[in-house]
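Student: Quick one: sequence and predicted model below, then my questions.
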Amino acid sequence: MTIKTESPRKTTAKGLQAHRNIGIMAHIDAGKTTVTERVLFLAQKIHRTGEVHDGAATMDYLEEEQKRGITITSAATSCEWNGHSMNIIDTPGHVDFTIEVERSLRVLDGAIAVFDAVSGVEAQSETVWRQANRYGVPRICFINKMDRVGADFDSAVDSIRTRLGARPIPVQMPVGAEKEFEGVIDLIRMKYIRFVEDGQDRSYEEHEIPEEHLDEARMRYSEVVEAAAEFDEALLDLFVEDADCPEEMVLSALRKGTLEMELTPVFVGSALKHKGVRFLLDGIVDLLPSPLDIPPVQGIDPQTEEPLEREASVDAPLSLMVFKTIAEQAGDLTFVRVYSGKLDKGVRLLNPRTGKYERIGRIVKMHANKREAIDFMGPGEIAAVVGLKNTSTGDTLCADDDPILLSKISVPEGVISMSVEPKENKDRDKLGDVLGRIMREDPTFRAKTDEATGQMIISGMGELHLEVVMNRVMSEFNVAVLTGKPLVAYKQRLNKKIDTEARYVKQSGGRGQFAVVKVVIENHETEDTGMEFVDSVKGGNVPREYIPSVEAGLRDVFNTGSSSGFEFVNVRATLYDGKSHEVDSSEMAFHNAGALAFKQAMANNTILLEPYMLLEVRVPEDFLGTVVGDLNSRRGEVSDVDTLGDERVIRGLVPISEMFAYASALRGATQGRGSFSMEFSEYRDVPAAIAEKALKQDTE
């Protein structure tokens, strides 16, 4: 037996090769923040661990996070481990705050997916996994909570394979489970690691593999080497010949497979009890990419739209992406990832989206809500800058003499809205300023004034999202507000294609108003759900200077939904002819003609759309029939029912309009033993009877 306090593997990596930008992602309550807390403790960034359930976790620093015991906003920190520097972002697990995961994964090089050993893959696990796939982020897995009652390592690994379509490769094998969980077998080094119960995970015992586990360990070791050998011909030759396979060769091949996203190494432990996190840290070093391991970042020339790329080199032209903003009185705190070049204080950069310039004030390294001033940032680094005025999430900043526009961050649309107004009229302007500030921080939050009623309408990703925002408005910004009941964010589409002629002709003495436009307005299906405007005017029947006014009029009605207030989606408007008058035509006349054309096209020709949610409900078997019956009554469509231990997992689609206060209904139906999660899936046509009711309520 050997008692150790250091990592079993050493590294000689230097420079950018010894740097990691990683995120920690998972379903709510899988243990992401606890894992981060243990990582910081082991790396001696903090000297005592705080617990999420006590509201004392380092990375959950917002008051709302501490009260609720959940992560709401992604928090960044940095530490060092085994000669490597790491930037770490702890992301939320609740679907209402999915934008925090989206924008973090956009700038990260690798990720740790955390799974509960009892529940395996859960609903939000699938969401964050898809987000990581979309941005090409290699990842490793950590099966957490192995000491929980009902923990099943193999079942959790199998759920990764079946639910996520991934190829998980366990590089560790747990010894024991539930309260008998005592250690792991390192399947690369073929050693038994027994956890020392000192509560700190800074020491462990290393043994030869016990006889009773040797056969299984050899079988699992063979599976690891076989998977790794697919990425190294020399290792494949050794494996086929049944020869000894050097540890470093196996690790190198596993790393290659991980970076190519062909396989996903799996670690195991219990973060709360300080078990296994140090070996997860070794896995980050050994298997996840450095900024030099990822392909050069892709973008376009903002003038010519020709494709461009930037390598992670200090000698390349400067380019960086803004991925998060915290609005502050003294100036926004803006989180950025430098992709190429060197960012110095005081430098002036171009924002190619706006065409405006920004000057970099202070640069700070973040540790949750604490800041450390630094003088510069190199390629691959993540930090925050102070003082940007006209830059939003997803914007690129670059050298003005060699500009590049990087791809944007995908922002999901809100599905819930409600009215809000200040309790005291004197706070109306202040409320507007506060909501504007929150919109700068959170791209999924929207606030607008309803022109018909004068009410302020806010929208977001769910009831919890809007509840958290309103609590911030009242507690953080000291604005007392009154809110209406949550409403569904309906949209509408055209039922059929319309070819319409709109005549805007007014004559009331003096100069009149004259504009005639002929427009084909129809549905179209693309990733962009907005309005596509096509100019196919031949000749000069509609003068070129008035065509933008026609487009603006069409878009005004498209965006406001006219009298219903519901936005349109997926519309193509093709302007192909019209008439003008030498004296009476004007930009305003053609703007109004465009708006009239859209109104004529939508008259008795619209179909209401409602958001459908992917739903996952977990209930004891005894309550399965009751819960499924209730979902059917809510217009739900149950797609499958799985067994997980002594629970049943119900999955399906359900309109969000039927799910208000569902948490209370589920608690009542299952004696408090059921749980559920939802995420937006798609918009669908609303049945005619329900659409009529929804439209009536909206006008009341």
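Tutor: Now that the structure is in, tell me what you want to look at.
Student: So what are the sheet partners of the longest strand along the chain and their directions?
Tutor: Longest strand in the chain by number of residues, with DSSP state E as the criterion: strand 606-620. Paired neighbours of strand 606-620 in the sheet (DSSP bridges): strand 491-494 (antiparallel), strand 647-655 (antiparallel), strand 675-685 (antiparallel).
Student: which parts of the helix or strand just after the second one are buried?
Tutor: Which is strand 647-655. Using DSSP states H and E, the helix or strand that follows strand 647-655 towards the C-terminus is helix 662-669. Buried residues in helix 662-669, counting neighbours by 16 or more other Cβ atoms under 10 Å, are found at 662, 666, 669. C-beta: built from backbone N, CA, C; applies to glycine.
Student: if I look at the second one, how far off is residue 400?
Tutor: Going back to what we said before, that points to residue 666. Using Cβ to Cβ, to the nearest Å, residue 666 is found at 55 Å from residue 400.
Student: And for the first one?
Tutor: In this structure, residue 662 and residue 400 are 52 Å apart, going by Cβ to Cβ.
Student: Let me know the pLDDT of the residue minimising distance to the centre of the chain.
Tutor: Central residue of the chain (Cα atoms, centre = their mean): residue 102, 2.4 Å from the mean position. For residue 102, the model assigns a pLDDT of 84.
Student: From what I see, it and residue 131 are in contact.
Tutor: Yes - Residue 102 is in contact with residue 131 according to Cβ atoms under 8 Å; the separation is 5.7 Å.
Student: Sketch out the low-pLDDT regions of the stretch 151-300 of the chain for me.
Tutor: Scanning the stretch 151-300 of the chain for pLDDT under 70 picks out 198-202.
Student: Over to the stretch 451-600 of the chain?
Tutor: For the stretch 451-600 of the chain, the ranges with pLDDT under 70 are 451-453, 508-510, 527-528, 562-565.
Student: For residue 671, which non-adjacent residue is closest in space?
Tutor: residue 623 (7.8 Å; Cβ to Cβ, 6 or more residues apart in numbering).
Student: In a helix, the one you found, correct?
Tutor: Yes - assessed by DSSP: H, G, I helix; E, B strand; the rest coil, residue 623 belongs to a helix.
Student: gap between the residue nearest to the centre of the chain and residue 443?
Tutor: 9 Å.
Student: now residue 300
Tutor: 21 Å.
Student: now swap in residue 421 and tell me
Tutor: Per Cβ to Cβ, residue 421 is found 24 Å from residue 443.
Student: re earlier: if I look at residue 102 and residue 443, which residues touch both of them?
Tutor: Shared contacts of residue 102 and residue 443 (Cβ atoms under 8 Å, 6 or more residues apart in numbering): 409, 411.
Student: Quick check, the residue nearest to residue 671 in contact with residue 670.
Tutor: Yes - using Cβ under 8 Å, residue 623 is in contact with residue 670, at 4.5 Å.
Student: Show me how far the helix or strand hosting residue 627 is from its chain's centre.
Tutor: Using DSSP H and E, residue 627 maps to helix 624-633. Centroid separation for helix 624-633 versus its chain: 31 Å, with Cα atoms, centre = their mean, to the nearest Å.
Student: any chance you could map the strands in the stretch 51-200 of the chain?
Tutor: 75-81, 84-90, 110-116, 139-144, 168-170, 172-175, 183-186, 191-195 (DSSP state E, counting those that start in this stretch).
Student: can you list those strands in CSV and add mean neighbour count and distance to residue 284?
Tutor: CSV is the format used below for the strands of the stretch 51-200 of the chain (neighbours: other Cβ atoms under 10 Å; distance: least, Cβ to Cβ, whole Å):
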stretch, mean neighbour count, distance to residue 284
strand 75-81, 20, 7
strand 84-90, 23, 7
strand 110-116, 26, 7
strand 139-144, 28, 7
strand 168-170, 22, 16
strand 172-175, 24, 14
strand 183-186, 25, 16
strand 191-195, 20, 17
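Student: Throw those strands into TSV and include distance to residue 516, thanks.
Tutor: Output for the strands of the stretch 51-200 of the chain, formatted as TSV (distance: least, Cβ to Cβ, whole Å):
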stretch	distance to residue 516
strand 75-81	57
strand 84-90	56
strand 110-116	57
strand 139-144	58
strand 168-170	64
strand 172-175	74
strand 183-186	77
strand 191-195	80
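Student: out of these, nearest to residue 503?
Tutor: strand 84-90 (56.4 Å; Cβ to Cβ).
Student: Kindly calculate the angle that the closest one makes with strand 110-116.
Tutor: With axes from the mean of the first three to the mean of the last three Cα atoms, to 10 degrees applied, the angle from strand 84-90 to strand 110-116 works out at 50 degrees.
Student: Could you name the helices and strands sitting against strand 84-90?
Tutor: Applying 3 or more Cβ pairs under 8 Å, 6 or more residues apart in numbering; DSSP states H and E, one finds that strand 84-90 makes contact with strand 19-26, helix 32-42, strand 75-81, helix 277-287.
Student: ok, now with 7 Å
Tutor: With contacts taken as 3 or more Cβ pairs under 7 Å, 6 or more residues apart in numbering; DSSP states H and E, strand 84-90 sits against strand 19-26, helix 32-42, strand 75-81.
Student: what's the angle between the first one and strand 75-81?
Tutor: Inter-element angle recorded for strand 19-26 and strand 75-81: 130 degrees (by the same axes, to 10 degrees).
Student: Okay, now the sheet partners of strand 19-26, with direction.
Tutor: For strand 19-26, the paired strands and their directions (DSSP bridges) are strand 84-90 (parallel), strand 110-116 (parallel).
Student: which residues touch it?
Tutor: Strand 19-26 is contacted from outside by 32, 35-36, 84-91, 93, 101, 104-105, 108-115, 125, 128, 284, 288, 290-291, 380, 382, using Cβ atoms under 7 Å, 6 or more residues apart in numbering.
Student: what's the average pLDDT for that strand?
Tutor: Rounded mean pLDDT across strand 19-26 is 90.
Student: One more: the second one?
Tutor: Per-residue pLDDT values over helix 32-42 give a mean of 87.
Student: Alpha carbons of that helix, as CSV, please.
Tutor: Listed next in CSV are the C-alpha coordinates belonging to helix 32-42 (Å, rounded to 0.1, in the frame of the first residue of the first chain):
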residue,chain,number,x,y,z
LYS,A,32,-21.9,20.7,-11.3
THR,A,33,-21.2,23.5,-8.8
THR,A,34,-20.1,21.0,-6.1
VAL,A,35,-17.6,19.5,-8.6
THR,A,36,-16.3,23.0,-9.4
GLU,A,37,-16.0,23.7,-5.6
ARG,A,38,-13.9,20.6,-5.1
VAL,A,39,-11.7,21.4,-8.1
LEU,A,40,-11.0,24.9,-6.7
PHE,A,41,-10.2,23.4,-3.3
LEU,A,42,-7.9,20.7,-4.7
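Student: more neighbours, residue 421 and residue 443?
Tutor: Taking neighbours as other Cβ atoms under 10 Å, residue 421 and residue 443 compare with residue 443 leading, 19 against 16.
Student: can I assume that one is in contact with residue 410?
Tutor: No - contact criterion Cβ atoms under 7 Å: residue 443 and residue 410 do not qualify, at 9.9 Å.
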